[in-house]
Structures are given as structure tokens and as C-alpha cells.
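> just a sequence and a predicted model for now, questions to come.
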Amino acid sequence: MPGRDGTGPAGGSSPGGGRRGGRCGGVGASGNCVCPGCGTKVPHQAGIPCFSVKCPTCGNSMVKEIK
């Protein structure tokens, strides 16, 4: 916001534009979390990032499966 007078750049929460308002945010709740070490897959749970889930087989941190 140049000059702190409210005339900063356009943007905001409109779809497709602005910070965090676009359609390229999180990948959503569908899909799987996959272990990069052993390949084990588990269903992704909404609100829980895959990297915070431990692999039930080997204990590595999971990653989101890319389709």
C-alpha cells in the first residue's frame, strides 16, 4: 500500500487473483498421501497435511500424491 493511503495494488480474495484468493492454493482433501521411501499409500484426510502424517509401514513423513 504505497503511501498508506489505501491506494495499493488491486487483488484480494477474488477467484483467480490476489494473495491466497486464487485457485492454486492447497490441493484439497481428495487423493492419497504416499510415502517417498516405500510407496505405501493412505487416503488423504481433510485438514491434515500429508507431511505431518507418518508412514504406517516405515515411519517416514508422507507427501501428497501427484496425479
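Ah, there it is.
> low pLDDT regions in the protein?
Applying pLDDT under 70 to the chain flags the ranges 1-4, 6, 8-29.
> now with 90, please.
Scanning the chain for pLDDT under 90 picks out the ranges 1-30, 66-67.
> all strands for it, in order.
Listed in chain order, the strands found in the chain under DSSP state E are 32-34, 41-43, 63-64.
> let's have those strands in CSV, adding mean neighbour count.
Where C-beta positions appear, they are placed from N, C-alpha and C, glycine not excepted. Below are the strands of the chain laid out as CSV (neighbours: other Cβ atoms under 10 Å):
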stretch, mean neighbour count
strand 32-34, 18
strand 41-43, 13
strand 63-64, 15
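> out of those, the one nearest Thr7 is which?
strand 63-64 (38.9 Å; Cβ to Cβ).
> starting from the closest one, tell me which strands it pairs with and how they run.
Strands that pair with strand 63-64, judged by DSSP bridges, come out as strand 32-34 (antiparallel).
> pull the CA atoms of stretch 43-53 into PDB?
Output in PDB follows, covering the C-alpha atoms of stretch 43-53 (Å, rounded to 0.1, in the frame of the first residue of the first chain):
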ATOM      1  CA  PRO A  43      -6.200 -41.800   2.000                       C
ATOM      2  CA  HIS A  44      -5.700 -38.100   2.500                       C
ATOM      3  CA  GLN A  45      -7.700 -36.600   5.400                       C
ATOM      4  CA  ALA A  46      -9.100 -33.100   5.100                       C
ATOM      5  CA  GLY A  47      -7.300 -30.600   7.300                       C
ATOM      6  CA  ILE A  48      -4.300 -32.800   7.900                       C
ATOM      7  CA  PRO A  49      -1.300 -32.100   5.600                       C
ATOM      8  CA  CYS A  50       0.400 -35.200   4.300                       C
ATOM      9  CA  PHE A  51       3.800 -34.200   5.500                       C
ATOM     10  CA  SER A  52       2.500 -34.400   9.100                       C
ATOM     11  CA  VAL A  53       1.400 -38.000   8.600                       C
END
